[in-house]
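Chemist: The following comprises the amino acid sequence and a computationally predicted model.
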Amino acid sequence: MLGEFEYLLLTAAASLGEEAYGASIRRQMENATGRRCSIGALYITLDRMERKGLVKTWMGDPTPQRGGRAKRMVRVTPAGLRAASSFYRAVRGVTRNVAWESE
Amino acid sequence: MKSQRTLGWWLVNEILHLLDREEREAVRGDLAESCDSAAQALRSVLRLVVYRQSMLWAQPRPWLVLCLFVVPLGALLSFTSRSHAGLSAIYLWLVVNNANLALLRSAGFWYTVLQILPALLLPCLILGCFAWMAGVLLAGIARRTLWIHCAQICLALLCANAFALPQPHHFLAFDSNAAVHANAFYRSIFPLLFQCLCILLPGFVGTRQGTRARNLQPWLRTLLWASILICAFSLVAGISTLWWLRMWALPPLAVAAFAAVGPAGYLLTRGHVFPRRQRA
C-alpha cells in the first residue's frame, strides 16, 4: 500500500506526463496540497519508489531555462499505475459513507 | 540559484558537492526554478545529503577506508603534530621570548638560530607533504564520502588537542620546560596553529587537487602510496618505544626527502612546474 506522499507524487507525475521532473512535480504537489514540499523529501521518495519499481527516473537533457542544468525526469511504470489506482480505490471505498465537506 | 552571493547559498552550493555530479546538477536546476529561501534550500539539501551519506555508509567500503586509512592516519598525524608542535614551541620560545637587542647583535645567537632552523622546518615539511599526499589519496579511494572522512580526521586532531593539552600544574612540578608550557600561547594556541598550517591547509589543498584530478597515472599513484607508507612507517618507528622498531626510523632529512618525492612527482607530471604545450 502506498503512503500519502507517494500517492501524491505518483498522481503529480502521471498528470504531468512527459513534463514530469523534480521541480515540476514539486510545484504540482505544492499547488494541490498548499503545503511546502522539500526537494530532499521528493528525491528520497523518488529513490524509494524507483527501488519498488513504481517509477522510472533518468537524467534529461540540459535546458537553458535552468542555466543549462539537466532535469531528473520521472515516468510512472505500470506497477506504479496499479499501486496508485489501488490506493485511490481504497480511499474512495473507505470514504463512501462519510461526508467531510461542510453543508 | 538566485543570489549566489549570500552566505546561505554559498553553503548550499558547498553541501551540494557531497552529491553525485548528475544529482547535484538536477538539484541545482530544481532550486533555480523554485522560489525557496537559502534557509529552506539548505534544509532540503541537508536532508538529501544525510540520506545519501547514510546509504553509502550502509556499505562496507567507507568503513574499510575509515578503519584502514582514516583512523591510523588521524592518530599518527595527531600524535606527531602534537609532538612536533611541542618541540617547535620550545625552540620558538628560546628564540622569540628571549631575544633582545644585545642578543640580536651577537653572532652566537644567529649561529644557534641557524642550528635550530632545520629542526623547526623539517617537521613542517614532512607533515605538510604527508597531509597533502593523504588528501590526494583519500580523494582517490573515497570520493563520495571524502568530506565526511576529512571531518573525521579534523575531529581526531581536535580530540588530540582537547584531551592531550598539558596542564600547567604538571609542568610547574617537574617539567624542565615549565616556562614554555606555562605560557598559554605555546601551550594551547601554538599547537592549533601548527596543525592548521602543517596539516589542515596542505591536506585541504591535497583533497581539492585529488578530486579535480580524475585519473592519476598508475605509476604516480604507486609513487604517492610508496612515499606516504615509507613516511608513515618512519614516523611510527620514530615515536615507538620498541628499540627494534626505533632502529628502522630514518633521520628527519631522509624522511623529508621521501615525503617530498610524492608531491614533487605530482607537480611535475600534472604540469604545475612545466606547463604542457597546447597543441595547435
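Modeler: Received it, and whenever you're ready, just let me know what you need.
Chemist: confidence score at residue A:16?
Modeler: Note for residue A:16: predicted pLDDT of 94.
Chemist: do the one 4 residues further on as well
Modeler: Listed pLDDT for residue A:20 reads 94.
Chemist: was I right about it contacting residue A:11?
Modeler: No - counting by C-beta atoms under 8 Å, residue A:20 stays clear of residue A:11, with 10.7 Å between them. Using the backbone N, CA and C atoms, a C-beta is placed for each residue, glycine as well.
Chemist: okay, these two: which has more neighbours?
Modeler: The residue with more neighbours, out of residue A:20 and residue A:11, is residue A:20; 22 against 18, by other C-beta atoms under 10 Å in any protein chain shown.
Chemist: Would you mind naming what in chain A lies close to chain B?
Modeler: When proximity is defined as C-beta under 8 Å from any C-beta of the partner chain, chain A approaches chain B at A:22-23, A:26-27, A:36, A:38-41, A:43-44, A:47, A:59, A:62-63, A:65-67, A:69-72.
Chemist: Could you tell me how far whatever residue of the stretch 101-250 of chain B ends up closest to chain A is located from residue B:9?
Modeler: For the stretch 101-250 of chain B, the residue closest to chain A is residue B:144, as judged by C-beta to the nearest C-beta, at 15.3 Å. From residue B:144 over to residue B:9 the distance is 23 Å, taken as C-beta to C-beta, to the nearest Å.
Chemist: could you say what helices and strands the strand or helix carrying residue B:264 packs with?
Modeler: Assigned by DSSP states H and E, residue B:264 belongs to helix B:252-269. Helix B:252-269 sits against helix B:107-141, helix B:218-239, with contacts defined as 3 or more C-beta pairs under 8 Å, 6 or more residues apart in numbering or on different chains; DSSP states H and E.
Chemist: For chain B, which helix or strand comes out least confident on mean pLDDT?
Modeler: Lowest on mean pLDDT, DSSP states H and E among the helices and strands of chain B sits helix B:168-174, with a mean of 52.
Chemist: before we move on, the earlier item: residues contacting the residue of the stretch 101-250 of chain B closest to chain A?
Modeler: Shown in contact with residue B:144 (C-beta atoms under 8 Å, 6 or more residues apart in numbering or on different chains): B:18, B:20, B:56.
Chemist: before we move on, what about residue B:155?
Modeler: So residue B:155 contacts residue B:74 (C-beta under 8 Å, 6+ apart).
Chemist: Just the pLDDT at it, thanks.
Modeler: Looking at residue B:155, its pLDDT is 89.
Chemist: Now do the SS call for it.
Modeler: Using DSSP: H, G, I helix; E, B strand; the rest coil, the structure places residue B:155 in helix.
Chemist: distance of it from residue A:93?
Modeler: Using C-beta to C-beta, residue B:155 is found at 54 Å from residue A:93.
Chemist: unless I'm mixing things up, residue B:79 is touching residue B:163, no?
Modeler: No - applying C-beta under 8 Å as the test, residue B:79 and residue B:163 come out as separate, 11.9 Å apart.
Chemist: Looking at the two now, which is surrounded by more residues?
Modeler: More crowded of residue B:79 and residue B:163, by other C-beta under 10 Å: residue B:79, with 16 against 8.
Chemist: isn't residue B:183 right up against residue B:96?
Modeler: No - the pair residue B:183 / residue B:96 is not scored as a contact, 10.6 Å apart, by C-beta under 8 Å.
Chemist: Comparing the two, which residue is more hemmed in?
Modeler: Neighbours were counted for residue B:183 and for residue B:96 using other C-beta under 10 Å; residue B:183 has more, 16 against 9.
Chemist: Show the contacting residues for residue B:260.
Modeler: Contact analysis of residue B:260 by C-beta under 8 Å, 6+ apart lists B:125, B:129.
Chemist: Nearest the geometric middle of chain B, what residue?
Modeler: residue B:199 (3.0 Å; C-alpha atoms, centre = their mean).
Chemist: secondary structure class for that one?
Modeler: For residue B:199, the reduced secondary structure class is helix; criterion used: three-state DSSP.
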